[in-house]
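> Quick one: sequence plus predicted model below, questions after.
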Amino acid sequence: MSEGLEESHQLFGRVAEEYDAARPRYPEALYVALEEQSGMRLAGARVVDVGAGTGISTRGLLDRGARVAAVDRSDRMLSRLRARTACGALLADGNDLPFRDGAADLVTYAQSWHWLDPALSVAEAVRVTGPEGAVAAWWNTVDAGKADWLAAYQVRLAESCSGYVGPALPGWSMPPIAGVMAAAGLAVRETWIGWTRSVRLDDFLTDLRSRSYVARLNGHEVEELVNRERAEIGRVFADGRLTVPMRVYLATGRKSRPGGG
């Protein structure tokens, strides 16, 4: 799933409004699994949310009582976050976090770790978390195997967008953060969480505009793509209300507890 180390802050800065308006949120079950796998309650936890973007994950963590510092490399993304989110928001690089050693209980990457240097970012997360801290990363993705229309949609995107990343690619998989966490000495757990997204077609297409492989296209190409998908998907969902099977991949890495627990 890695999309390379292109300057993501510039890429997503161009589509910050679309990203904020239409990217899917995360299901409640994700946060339940995060607490269970990390071994800590989010309420009261000191969290550094790396690659926070417009604040989708940040708000989810805040809603569950965490004390969150949001970090991102895009001014435009952070401006959207600050406009609607009451927390500290820092323009900074996830490979070089501006926090002292042990300042956090938990470092999170929601839909963001694949834009960072694998080893440097996890080493920074380990440094920033305390002796009983944890690191967690998760990604929302469509569950294309559960709906023929969704599988066909992904194939069309793969054919139209040279930078496409997703389930239509042979051998596609989640970014390998679990292996990097393990190499850093963390105790790793992984899980998948299925859920269903109900979304209007207009919002689904706005979400499409925010995808990195679409944001790289020129304006004419984007409009052609969106108009085509409006027609194709509209044949399946004539009322303009989509039911999209989704799943979230979650990986957590915990530092050693006293006594090896």
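Cool, the structure landed.
> can you pull out the strands in the stretch 151-261 of the chain?
With strands called from DSSP state E, counting those that start in this stretch, the stretch 151-261 of the chain shows them at 187-200, 241-254.
> Out of these, which is closest to Gly60?
strand 241-254 (11.5 Å; Cβ to Cβ). Just so you know, the C-beta spots here come from the backbone N, C-alpha and C atoms, and that holds for glycine as well.
> Could you pull out the buried residues of that closest one?
Using 16 or more other Cβ atoms under 10 Å as the test for burial, strand 241-254 gives Leu242, Val244, Met246, Arg247, Val248, Tyr249, Leu250, Ala251, Thr252, Gly253, Arg254.
> just stretch 223-231 next, same as before
Leu225, Glu229.
> For that stretch, give me every contacting residue.
Contacts to stretch 223-231, defined as Cβ atoms under 8 Å, 6 or more residues apart in numbering, come from residues Tyr153, Arg156, Ser160, Cys161, Leu201, Leu205, Leu208, Arg209, Val214, Leu217.
> what separates that stretch from the chain centre, distance-wise?
Distance, stretch centre to chain centre, for stretch 223-231: 25 Å (Cα atoms, centre = their mean, to the nearest Å).
> quick revisit: may I see the strands of the stretch 151-261 of the chain arranged in JSON lines, with distance to Ala86 as well?
JSON lines is the format used below for those (distance: least, Cβ to Cβ, whole Å):
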{"stretch": "strand 187-200", "distance to Ala86": "27"}
{"stretch": "strand 241-254", "distance to Ala86": "25"}
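> closest to Gly65 out of these?
So among those, strand 241-254 is nearest, using Cβ to Cβ, at 18.4 Å.
> Direction included, what does the closest one pair against?
As defined by DSSP bridges, the strand partners of strand 241-254 come to strand 129-142 (antiparallel), strand 187-200 (antiparallel).
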